[in-house]
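Participant: need a structure here:
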Amino acid sequence: MAERLLLLVPSLRAPSETFIRANATGLPFDTVVVCADEIPWSGPPLRTAYGLSIVVSKALHRLAPALPRCLAQAVRRFGTWLPSRLVSRICRTEQPVVVLAEFGFHAVQIMELVPATGLPLIVHFRGADASAHRYLFHLKERYERLLELSSAAVVKSEIMRKTVLGLAHRRTSPLPVLVSPSGANPAVFHGADPAAAPPLFLSVGRFVAKKGPLLTLAAFALAARDLPELQLVMVGEGPLLAQAHQRAIQLGIAERVRFAGLRTPAEVAALMRHSRGFLQHSLTAPDGDQEGSPVAVMEAQLSGLPVVATWHAGIPDVVIDGETGILVPEGDWKAMGEAISRLAADPAFAERLGNRGRHRCLTRFTTGHHHDQLATLLSQCAERSGQKE
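Facilitator: You can find the predicted model right below:
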């Protein structure tokens with residue numbers, strides 16, 4: 001019988017977070033999933049109470065900065081104690097051997113389960129939670145406590161690893177940190193033929209600052225000046241979507257850009273099979289928010305598409321400049337436009353990069369690779385914990 005894993009997640013409903021759902025179903029454990037955003041009124045009382053405790057915890061931590069320091073500390077402690085207490089009771093009911101918490105900002109809410117239960121806690125950092133100022137500044141002390149209690153951490157890039165290790169200075173022993181991109185699913189993403197495809201480029205991601213959608217539009221507009229057949233499809237939603245619509249009009253490319261909204265993974269894979277290349281202008285947002293290792297980039301490479309992206313966060317770990325794609329400096333939309341033009345004008349070059357990218361992704365960056373690496377870490381932490389008892 002498989003060992004039991006308790007997987008604590010903020011939500012399973014976010015459309016862009018396919019990697020969370022992949023972990024919920026793909027790890028080789030008897031996995032019990034508890035979602036912070038679900039309050040099952042007709043379900044188990046502990047689950048209902050836990051969902052409510054997360055709501056209370058968020059409210060208290062937002063209130064704390066307006067209070068005197070001593071009172072703020074007490075409010076924060078209670079905001080952490082309450083969900084930790086309830087998830088500790090869930091642990092006693094479900095009897096897991098190890099706990100995995102998705103996202104640092106979620107893990108701090110339940111971290112006191114460690115002294116309460118003695119179970120190993122592994123925290124999975126993914127991007128903003130280990131880069132954005134709103135987390136690194138406001139949660140600094142709680143992150144230090146979290147990493148003091150945790151048995152290990154998982155991150156998406158070497159940059160994130162260094163950040164997390166810098167917050168783990170209160171530990172008496174080194175913190176094991178696994179660098180493991182989430183990977184892409186080869187059963188879904190395959191079959192692109194960039195040499196045969198029309199000069200249509202694809203961008204997939206939330207319309208937020210760190211994804212650089214406005215810079216992607218500027219780069220495409222530059223390339224489109226001399227290539228009247230060039231087309232762009234942008235998949236996703238977000239706060240910058242309306243501004244992106246307006247920018248496309250201002251740039252005179254509104255008729256050549258299709259905003260496709262949210263799409264399922266299967267629909268995205270189908271779009272990739274009819275595209276010449278994939279575009280991702282990731283950059284550090286004004287609030288410090290950075291990518292981990294964008295899943296859409298790995299999905300594009302696994303499909304067989306050449307990727308045009310930036311020298312940002314974990315992207316250079318996945319995309320090899322000049323071999324599996326073209327990388328440009330953050331913010332350099334002109335260089336990105338030139339890369340688009342090159343792929344549009346040279347289908348054979350696009351195919352060569354796409355084939356190499358698919359081969360490299362198949363050997364390193366599938367969901368299977370990630371699940372194997374993560375499962376090994378979880379099992380090692382469970383084994384070490386069992387030896388201490």
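
Participant: For the stretch 1-150 of the chain, just list every one of the strands.
Facilitator: 4-9, 30-35, 98-102, 121-124 (DSSP state E, counting those that start in this stretch).

Participant: Quick one: those as TSV, columns for mean pLDDT, mean neighbour count and distance to Gln73 too.
Facilitator: Quick note: C-beta positions are derived from backbone N, CA and C, even for glycine. Below are the strands of the stretch 1-150 of the chain laid out as TSV (pLDDT from 0 to 100; neighbours: other CB atoms under 10 Å; distance: least, CB to CB, whole Å):
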stretch	mean pLDDT	mean neighbour count	distance to Gln73
strand 4-9	96	23	24
strand 30-35	94	18	27
strand 98-102	97	27	23
strand 121-124	98	26	22
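
Participant: could you redo those as CSV and give each row distance to Gln231?
Facilitator: Below are the strands of the stretch 1-150 of the chain laid out as CSV (distance: least, CB to CB, whole Å):
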stretch, distance to Gln231
strand 4-9, 37
strand 30-35, 39
strand 98-102, 36
strand 121-124, 37
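
Participant: Where does pLDDT dip in the stretch 201-350 of the chain?
Facilitator: Under the criterion pLDDT under 70, no range of the stretch 201-350 of the chain is flagged.

Participant: What segments of the stretch 251-389 of the chain are strands?
Facilitator: Counting by DSSP E, counting those that start in this stretch, the stretch 251-389 of the chain has strands at residues 257-261, 277-280, 307-310, 325-328.

Participant: one step back: right, and the strands of the stretch 1-150 of the chain - which one's nearest Pro83?
Facilitator: Closest of the strands of the stretch 1-150 of the chain to Pro83 is strand 4-9, at 9.4 Å (criterion: CB to CB).

Participant: which outside residues touch that closest one?
Facilitator: 20, 23-24, 27, 29-36, 87, 90-91, 94-103, 106-107, 110, 119, 378 (CB atoms under 8 Å, 6 or more residues apart in numbering).

Participant: ok, back up a step: dump the strands of the stretch 251-389 of the chain to JSON lines, plus distance to Met298.
Facilitator: Formatted as JSON lines, these follow (distance: least, CB to CB, whole Å):
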{"stretch": "strand 257-261", "distance to Met298": "20"}
{"stretch": "strand 277-280", "distance to Met298": "10"}
{"stretch": "strand 307-310", "distance to Met298": "9"}
{"stretch": "strand 325-328", "distance to Met298": "11"}
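
Participant: quick one, which of those strands is nearest to Asp193?
Facilitator: Going by CB to CB, the one of the strands of the stretch 251-389 of the chain nearest Asp193 is strand 277-280, 12.1 Å.

Participant: Angles on the backbone of the spatially most central residue of the chain, please.
Facilitator: What sits nearest the mean C-alpha location of the chain, by CA atoms, centre = their mean, is Arg126, with 4.7 Å. When read as degrees, to the nearest 10, the backbone of Arg126 gives phi -130, psi -20.

Participant: dump the residue contacts of it.
Facilitator: Going by CB under 8 Å, 6+ apart, Arg126 touches 19, 102-103, 156, 182, 292.

Participant: Nearest to Leu12, out of those residues: which one, please.
Facilitator: Closest to Leu12, out of all of the contacts of Arg126 and judged by CB to CB, is Glu102, at 9.9 Å.
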